[in-house]
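**Student:** Please work out how this folds:
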Amino acid sequence: MTATPEPAVTPPAPAPSAAPGSGSRPVAPLQRVVVGLDGSPLSVDAAAWAAARVPEGGVVHLVHGIRPSAELAAAAFQSEGEAARRAAEADLEGPWAGPARATGRAVVTHLVEDDPARAVLRVAAAVDATAIVVGMHGAGGGHLPLLGAVARKILHRSNLPMVVAHPAGPGTAAPRPGDRPLVVVGVGYGDASDLAVLWAAGYAAARGLPLELVHAIALQPVFPADSPSDTLGSYLGPGVEAAWAREDLDLVREQVLDRHPELEVTVRVASGPVADALVPPSGVPVELVVAGKRHGARLARMTISPRLRQLIVGSAAPVAVIPSTSPLPAA
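**Tutor:** Numbers count the residues shown, from 1 in each chain. Sure thing, here's the model as predicted:
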């Protein structure tokens, strides 16, 4: 197990933006993955999900953060505090890391005395991580899982792609013999969408899976729209907007195939809420849903759009959120 040196340090400053075409060093989608572990079944499942998808030669870093306030509270009882730390170490090395190690990939554990979100960010910076993976947290209304506070903090503060690993829900399609799960990416407009498509294509190519490009059309105008054409199209009629979206998707497909000529790429235009639109109508199982997030200005960094929140919480498949400031994925 790796112990992070004390005293605790502040999270690293955000890395410089790396927009598509900027010439930044490409990185593999899941080469060095950092997973936040709190001991819950959802977080342990997230670690196993990540380890199963790390390529040969890759590394999974499992991070458990011990809150400083809890350590201070235990300072008056040193023996109890030390016992709690030893118990956390044993859990991290044993049952929490066990399913990830069972995949055969290299697993490194980190017990960090810091706020859990800051602990994940510190380790991600130290190991030059290519992605962060977290599990859903707790249960909300109707016993649906929630996007926890740790995941929200990481999403706001990090430039790295973040995957929220979902538990398999009742709506999850079971694989059929010969089925290859789809990687589905929502396609809109702007740098966030462009980078999400590139990342999804790199992930699908690395996994040998087909990629589906989906443009979701709202049933009524929304603000802010992805582009002025969305608003105009919504007033001209769904047929016009769908035709424009299909033309855009065909162009994006050509760009993806230029980068990954071996990739199987399909396109689809769908209407309705984004979480529903990104579900294939054929019932084919989905490996991963990918969406972009505008992440430049401070206000954009500190907010999650209703569409993105709905997608993360409502999806039956894991969701990868790609900030517009993420490093370029590998070709």
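
**Student:** from here on, contacts and neighbour counts on C-alpha atoms
**Tutor:** OK.

**Student:** Help me confirm that residue 34 comes into contact with residue 133.
**Tutor:** Yes - Residue 34 is within contact range of residue 133, at 6.2 Å (criterion: Cα atoms under 8 Å).

**Student:** how far is the helix ranked longest in the chain from where the chain is centred?
**Tutor:** Longest helix of the chain, by residue count under DSSP state H: helix 238-259. Computed by Cα atoms, centre = their mean, to the nearest Å, the chain-centroid distance of helix 238-259 equals 24 Å.

**Student:** which of residue 34 and residue 133 has more neighbours?
**Tutor:** residue 34 (32 against 29; other Cα atoms under 10 Å).

**Student:** What residues does the more buried one make contact with?
**Tutor:** Each residue near residue 34 by Cα atoms under 8 Å, 6 or more residues apart in numbering is listed here: 60, 61, 62, 63, 120, 123, 124, 129, 131, 132, 133.

**Student:** Show me the beta-bridge partners of it.
**Tutor:** Note on residue 34: beta-bridge partners residue 61, residue 132, judged by DSSP bridges.

**Student:** Which among the contacts of residue 34 count as buried?
**Tutor:** 60, 61, 62, 63, 120, 123, 124, 129, 131, 132, 133 (16 or more other Cα atoms under 10 Å).

**Student:** now these in CSV, with pLDDT and distance to residue 304?
**Tutor:** Supplementary listing: the buried ones among the contacts of residue 34 in CSV, determined by pLDDT from 0 to 100; distance: Cα to Cα, whole Å:
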residue, pLDDT, distance to residue 304
60, 97, 27
61, 98, 26
62, 98, 26
63, 97, 24
120, 96, 20
123, 97, 24
124, 97, 22
129, 96, 23
131, 96, 19
132, 97, 17
133, 96, 18
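
**Student:** which one among those gets closest to residue 265?
**Tutor:** residue 131 (23.6 Å; Cα to Cα).

**Student:** Nearest the geometric middle of the protein, what residue?
**Tutor:** Of all residues in the chain, the one closest to the mean position by Cα atoms, centre = their mean is residue 163, 1.9 Å from it.

**Student:** That one: what secondary structure?
**Tutor:** strand (DSSP: H, G, I helix; E, B strand; the rest coil).

**Student:** Double-check that residue 327 belongs to a helix.
**Tutor:** No - assigned with three-state DSSP, residue 327 falls outside any helix and is coil.

**Student:** I'd like the buried ones among the contacts of residue 34 laid out as TSV, including distance to residue 99.
**Tutor:** Below are the buried ones among the contacts of residue 34 laid out as TSV (distance: Cα to Cα, whole Å):
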residue	distance to residue 99
60	12
61	13
62	12
63	15
120	20
123	21
124	21
129	21
131	19
132	18
133	15
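
**Student:** Which strands and helices lie in contact with the helix or strand that contains residue 269?
**Tutor:** In the assignment (DSSP states H and E), residue 269 maps to strand 265-271. Here strand 265-271 touches strand 211-217, helix 238-259, going by 3 or more Cα pairs under 8 Å, 6 or more residues apart in numbering; DSSP states H and E.
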